[in-house]
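Trainee: Okay, sequence plus prediction incoming.
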Amino acid sequence: MAGSPTARRRRLSIELKKLRVESALTCAQVGEALDWSGSKVNRMETGSGRVQPSDIDALCRFYDTSDELREFLKSLAREAKTRGWWQVHGAGVPEWFNIYIGLEQDASTLRQYQCEVLPGLMQTSSYTRELHSAGAHISAENIDRAVRVRLERQAMLTRSDGPEAWFIVNEGAVRNVIGDREVMREQLERVLDSAALPNVTLQVLPFDSGTYPLTGPFTMLGFPAPEDPDLVYRDGITDAVYLEGEHHVREYSRAFDGLRAAALSPQRSAQLIKSVVKEYSK
């Protein structure tokens with residue numbers, strides 16, 4: 001079973017929807033049979049509403065499931081209520097990003113493309129602080145919290161069960177000076193250290209790469225359990241989009257493969273970054 005509360009909530013939603021689809025019923029039909037609204041059933045299946053163990057009992061009786069499945073779903077519902085370590089930081093982590101962190105913690109594969117900034121899982125505290133300080137929507141206290149959360153997230157790359165992570169960054173993200181040259185020198189050295197980890201691959205998409213898929217930044221997460229489908233994550237200033245449909249995942253996978261083919265090899269990418277580090281060291 002996936003480890004974080006977010007992953008458990010997602011798995012519960014997937015299992016509840018599967019039961020309804022296998023019964024060839026709509027949310028409205030299930031709701032009517034249980035004297036609920038159809039919207040309540042929909043909220044359970046999308047993870048946007050809290051599911052009580054008593055709700056699981058009612059649904060399992062209606063779907064005539066096994067006792068083992070009922071107890072499994074009830075355990076998911078109970079454990080989905082616990083708080084993740086990142087949630088203690090309050091407003092330092094927006095609600096829409098809470099969801100992503102929970103899923104990220106359980107991912108077995110991570111594929112990310114960044115075109116403006118360097119990957120968050122490789123950022124130094126100084127670089128992260130500069131990025132957050134550029135926005136007037138966050139207080140100094142919450143900037144401190146956001147920086148701590150980002151640094152704590154990075155531990156996943158060095159865990160014994162850490163994900164296979166593949167990062168592609170545009171050369172603009174490598175050369176764009178965030179803060180000052182010293183901040184960037186330190187940051188790029190951190191990128192090189194992270195890229196040297198056995199489970200991490202880093203490629204730079206150079207300015208002269210020619211035509212490549214124009215997507216904007218995105219992250220694809222894969223999970224160890226076949227019941228937990230891959231998803232695509234894209235965020236903005238105030239919200240995020242999670243794409244789970246097979247069509248979305250397939251097209252973003254195709255785009256990532258196109259970016260990977262256009263980018264420099266990991267070895268040449270490291271050489272380019274080292275050359276920029278030398279420029280910032282003068």
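Mentor: It's in. Numbering: from 1, shown residues only.

Trainee: quick one: residue 168 from residue 260, how far?
Mentor: Counting by Cβ to Cβ, to the nearest Å, the separation of residue 168 from residue 260 is 6 Å. Just so you know, the C-beta spots here come from the backbone N, C-alpha and C atoms, and that holds for glycine as well.

Trainee: Those two: which is more packed in?
Mentor: Ranked by neighbour count (other Cβ atoms under 10 Å), residue 168 and residue 260 place residue 168 first, with 25 against 16.

Trainee: ok so, going back, so what sits against both of residue 168 and residue 260?
Mentor: residue 203 (Cβ atoms under 8 Å, 6 or more residues apart in numbering).

Trainee: From residue 269, how far out is residue 157?
Mentor: Distance from residue 157 to residue 269, by Cβ to Cβ: 17 Å.

Trainee: The two - which one has more neighbours?
Mentor: Using other Cβ under 10 Å as the criterion, residue 157 and residue 269 rank with residue 269 on top: 25 against 17.

Trainee: Tell me which other helices or strands the helix or strand where that one lies touches.
Mentor: Using DSSP states H and E, the element containing residue 269 is helix 266-281. On a contact count with 3 or more Cβ pairs under 8 Å, 6 or more residues apart in numbering; DSSP states H and E, helix 266-281 meets helix 171-175, helix 181-195, strand 200-205.

Trainee: okay if I get the ones you listed as JSON lines plus mean pLDDT?
Mentor: Putting the helices and strands packed on helix 266-281 into JSON lines (pLDDT from 0 to 100) gives the following:
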{"stretch": "helix 171-175", "mean pLDDT": "96"}
{"stretch": "helix 181-195", "mean pLDDT": "97"}
{"stretch": "strand 200-205", "mean pLDDT": "98"}
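
Trainee: Deepest-packed of those, please.
Mentor: Most buried of these, by mean neighbour count (mean count of other Cβ atoms under 10 Å): strand 200-205, with a mean of 22.

Trainee: beta partners of the residue nearest to residue 107 when sequence neighbours are not counted?
Mentor: The spatially closest residue to residue 107, leaving aside those adjacent along the chain, is residue 221, at 4.3 Å (Cβ to Cβ, 6 or more residues apart in numbering). Beta bridges link residue 221 to residue 110, residue 231, judged by DSSP bridges.

Trainee: What count of nearby residues applies to residue 221?
Mentor: Using other Cβ under 10 Å, residue 221 has 22 neighbouring residues.

Trainee: can I get the helices and strands packed on helix 266-281 in a markdown table with distance to residue 249?
Mentor: A markdown table is the format used below for the helices and strands packed on helix 266-281 (distance: least, Cβ to Cβ, whole Å):
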| stretch | distance to residue 249 |
| --- | --- |
| helix 171-175 | 24 |
| helix 181-195 | 25 |
| strand 200-205 | 20 |
